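Enquirer: Based on what follows, work out the 3D shape:
(chains A and B)
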2 protein chains.
Amino acid sequence: MTRKKLRIGLFGFGVVGQGLYEVLEKTPALHAQIVKICVKDRIKERTIAASHFTFHQHELLYNDVINVIVELIDDAEAAYHIVKTAMENGKAVVSANKKMIAEHLDELIALQQKYQVPFLYEAAVCAGIPVIRNLEEYYDNELIHSISGIVNGSTNYILTKMSETGTDYQEALREAQAAGYAESDPWLDVSGRDAVNKLSILVAHAWGRWIHPDAIVSKGIDELATSDFEIASVHDLKIRLKTFASRKDNRLITYVLPAFTSSNDPAYRVNGVFNGVEIESSFADKHYFSGKGAGAYPTASAVLSDISAISYDYKYEYKKRESGQKLNLDLVFSVNVYFRFTGNVHKVKTYFDEVKALVEREGEYILIGSIPLSKIPYLNGPVIAVPDEILDELAASLNLSETLMPAEV
Amino acid sequence: MTRKKLRIGLFGFGVVGQGLYEVLEKTPALHAQIVKICVKDRIKERTIAASHFTFHQHELLYNDVINVIVELIDDAEAAYHIVKTAMENGKAVVSANKKMIAEHLDELIALQQKYQVPFLYEAAVCAGIPVIRNLEEYYDNELIHSISGIVNGSTNYILTKMSETGTDYQEALREAQAAGYAESDPWLDVSGRDAVNKLSILVAHAWGRWIHPDAIVSKGIDELATSDFEIASVHDLKIRLKTFASRKDNRLITYVLPAFTSSNDPAYRVNGVFNGVEIESSFADKHYFSGKGAGAYPTASAVLSDISAISYDYKYEYKKRESGQKLNLDLVFSVNVYFRFTGNVHKVKTYFDEVKALVEREGEYILIGSIPLSKIPYLNGPVIAVPDEILDELAASLNLSETLMPAEV
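Expert: Below is the predicted model of the structure:
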């Protein structure tokens, strides 16, 4: 089988873009050459000669020599325009922009079908871990029960710090930023929104159903306090930002929530910027995939695998969109959560199906109970999912705790 | 994308064959129908009607209605004949027979190329965990540094029992047989030969180089004794049957050996019949895949994924065989091992490059040292690989042990 020679137009020369440049230099066997790099900042000093760069998109998008566009910029709307124009011009595209892909997936699939060009984005989820490729090619949609795990390295780094050293959120965030693992504007990560975008992509490849990220219920990690970690620690639990999707008949349940995690869960041992995803399916049971989920080289490695796949003309076929039944998002599904808050207890209780524990400490309340997904956005304060197997123990221990006063239920 | 309708001729109705039958019954969306099942035993009672069965191979192999042959029998030579004849008759083939595949891979690839039919065998390695598919499609050969892990569920079950409960080898083997995890003739598993066959297949898909299983150095678990597990336990180590392959420049290093395994190694937490494989590559670093490695349904799930892939005309392309440099097996490479033996100490020492510890206990010797792979087959007794990070500690503790006498070096 012969490989197509690839001549790449690269958008963006940040951490991942530079990583890709170096990685391609070190893999001559791929015969992939970067023809030109388009960047925005005209002043910034670069590590390679100025002749590699242009500030004009059209020098890449309308360049007949270039047959692959690799898009590694931050701005999702600009990225969408680039990817669309590239496909319209018959160029294969590789992207790592999960926000852009999650928000535009239906249009992007239509463009691929219209222009018959590969559009690959393994790097958008879990860096180099081949989760999208396996969902797309290996697991039949009828058989997948659930996907769960840790897909955001920045928040996992922060949560690991907070768990291990007792640092508070602000300090852990500063350390993550200093280490280059969190953006100067960390909102996308810490709000859980980045994980939501990734979940939207995973669900599309698992079951062939695109869910707009706005429809996925989520809570971030930015309201967690050391007191929450102390409670976790007493029960030998860790707090991890869990991304979860499951299918029951024709219903899809999806959410991103911080979760108490016991040592039975592989997520318990996912530390720092590592990611880990568990795919549960009929017959095969649980398969677990893990590895580095962030960083220049791990992300560039996924881009590299996509580039290599394009050299053999590989495309996502989105086979699952065409087969199988129509799946509907289930927002009435109830999850067990821990919720810490101040304010009107009676109003908060109306959101819950059932309250298992409700205690007070220094003017703050902690409630453990089950709540429909659709009501979680109304909760103003930190929410942590509680797995079934520890629900009763956690609720009982709160009710009996000496430092917490049972509140009037 | 439309799926081809599959009409299956199934060889074998043992544990996995029955599992596949049930699994197909439960996945009507696949539109795969078992037309006929060929079995050998004419007397055995079956769980389904006699009309499903035949005792004549030709009723499947020369049946124009059947377009896929699924081969799930024990006998590797008979399986080879079936697979070959099926391909010659233009039928796609799915097999789980690692012994047959590992021993005949070059011929089987030539047959596929000649008759242009898919021949898939994900179930041959780690049951449903998609290791072959990922090595084939996702990881470029130039970039893979190493593959290591646990690929044999029966021996892992036995080793887990021996580690956890202090049972001796014979008793643990009996328990594995009673639980259906070891054959009545367990030789293929406990000798390490089954893992060697799987390693041969993994290497072929990782680097495009077929190594005959006879050329892979291995030691099994059948000579391990409780005293070896006691030493492991003192150092918080477990003993696992590790399958290992790495590439350095144009050399390939491969072996299957019991290994002392520390808690830093994901294999440490692979218990019972689970499997776990770590793929280390440039840029992506270490990716870890784990799940159930044995059992009717986990194995049938891999067969099912292959059948599903055939419905979309997927084939292994063996792209890596055609590209890249010629790799040679390195048998001079030295590994650090623990070796327990009786007999001529001076002769044994001549096999080793370096001896780090040599002690005596009740007429038995324990030696820790580094030995070229090619010399390991000469060692008559249990051999356990010792990872670098614990070598000095283990050697020092043996030399200082009160129950062991330093032997004359």
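
Enquirer: Pretty sure A:Y312 sits against A:A92.
Expert: No - proximity of A:Y312 to A:A92 does not meet the contact threshold set by CB atoms under 8 Å, at 11.4 Å. Heads up, the C-betas are built off the backbone N, CA and C, glycines and all.

Enquirer: So which of these two has more stuff around it?
Expert: Between A:Y312 and A:A92, counted using other CB atoms under 10 Å in any protein chain shown, A:A92 has the larger neighbour count: 28 against 14.

Enquirer: so that one touches A:P118, yeah?
Expert: Yes - in terms of CB under 8 Å, A:A92 counts as a neighbour of A:P118; the distance is 4.5 Å.

Enquirer: Show me the common contact partners of those two, please.
Expert: Overlap of the contact sets of A:A92 and A:P118 (by CB atoms under 8 Å, 6 or more residues apart in numbering or on different chains) consists of A:I310.

Enquirer: Which neighbours in the sheet does whichever strand or helix holds A:G291 have, and how are they oriented?
Expert: When elements are defined using DSSP states H and E, A:G291 is found to belong to strand A:285-292. Strand A:285-292 sits in its sheet next to strand A:274-281 (antiparallel), strand B:285-292 (antiparallel), going by DSSP bridges.

Enquirer: Please identify the most buried of these.
Expert: Looking across those with neighbours counted as mean count of other CB atoms under 10 Å in any protein chain shown, the highest average goes to strand A:274-281: a mean of 24.

Enquirer: what's the closest non-adjacent residue to the residue of the stretch 101-250 of chain A found nearest chain B?
Expert: Ranked by CB to the nearest CB, the top residue of the stretch 101-250 of chain A for proximity to chain B is A:G128, at 3.5 Å. Across the structure, with CB to CB, 6 or more residues apart in numbering or on different chains as the measure, the residue nearest A:G128 apart from its sequence neighbours is B:A284 (3.5 Å).

Enquirer: Likewise for A:A385?
Expert: Nearest in space to A:A385, with sequence neighbours left out and distances taken as CB to CB, 6+ apart, is A:A259 at 3.9 Å.

Enquirer: Would you agree that neighbour falls within a strand?
Expert: Yes - assessed with DSSP: H, G, I helix; E, B strand; the rest coil, A:A259 lies in a strand.

Enquirer: So in terms of bridging, what pairs with it?
Expert: Beta bridges link A:A259 to A:R240, A:A385 when assigned by DSSP bridges.

Enquirer: show me the contacts for A:L404.
Expert: Counting by CB under 8 Å, 6+ apart, A:L404 makes contact with A:V359, A:E360, A:R361, A:I366, A:L398.

Enquirer: next one: A:K242
Expert: With CB under 8 Å, 6+ apart as the criterion, the residues that contact A:K242 are A:S148, A:G149, A:I150, A:V256, A:L257, A:P258, A:A259, A:T261, A:A267, A:A385.

Enquirer: Between those residues, which sits nearest A:H81?
Expert: Checking these against A:H81 by CB to CB gives A:V256 as the nearest, at 27.5 Å.

Enquirer: dump the residue contacts of the nearest residue to the closest one once chain neighbours are set aside.
Expert: Using CB to CB, 6+ apart and skipping the chain neighbours, the partner closest in space to A:V256 is A:S218 (3.9 Å). By CB under 8 Å, 6+ apart, A:S218 lies in contact with A:S191, A:G192, A:R193, A:A195, A:V196, A:Y255, A:V256, A:L257.

Enquirer: what residues does the stretch 201-350 of chain A put near chain B?
Expert: For the stretch 201-350 of chain A, the residues in contact with chain B (CB under 8 Å from any CB of the partner chain) are A:269, A:281-292, A:297-298, A:300-302, A:304-305, A:308-309, A:312, A:314, A:317, A:319, A:322-324.

Enquirer: Hmm, A:G192 is touching A:F244, no?
Expert: No - contact criterion CB under 8 Å: A:G192 and A:F244 do not qualify, at 11.6 Å.

Enquirer: tell me, what's touching those two both at once?
Expert: A:V256, A:L257.

Enquirer: more crowded one of these two?
Expert: Higher neighbour count among A:G192 and A:F244: A:G192, with 26 against 19, using other CB under 10 Å.

Enquirer: Return the distance of the more buried one relative to A:P258.
Expert: When CB to CB, to the nearest Å is the yardstick, A:G192 and A:P258 sit 8 Å from each other.

Enquirer: which residues do those two both contact?
Expert: Shared contacts of A:G192 and A:P258, defined by CB under 8 Å, 6+ apart, comprise A:K219, A:G220, A:I221, A:L241.

Enquirer: Now neighbour count too, for these, in JSON lines please.
Expert: Output for the shared contacts of A:G192 and A:P258, formatted as JSON lines (neighbours: other CB atoms under 10 Å in any protein chain shown):
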{"residue": "A:K219", "neighbour count": "24"}
{"residue": "A:G220", "neighbour count": "25"}
{"residue": "A:I221", "neighbour count": "28"}
{"residue": "A:L241", "neighbour count": "30"}
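
Enquirer: Get me the contact residues on the stretch 51-200 of chain A for chain B.
Expert: Where proximity means CB under 8 Å from any CB, the interface of the stretch 51-200 of chain A facing chain B comprises A:A127, A:G128, A:I129, A:P130, A:R133, A:N134, A:E137, A:Y138, A:Y139, A:D140, A:E142, A:L143.

Enquirer: ok, and the most crowded of the residues you listed?
Expert: Neighbour counts for these peak at A:A127, which has 32 neighbours (criterion: other CB under 10 Å).

Enquirer: For A:D74, grab the count of nearby residues.
Expert: One way to gauge burial is a neighbour count; for A:D74, by other CB under 10 Å, it gives 15.

Enquirer: for the stretch 251-400 of chain A, what spans make up the strands?
Expert: Along the stretch 251-400 of chain A, the stretches classed as strands by DSSP state E, counting those that start in this stretch are A:251-261, A:274-281, A:285-292, A:328-329, A:334-341, A:354-361, A:364-372, A:383-385.
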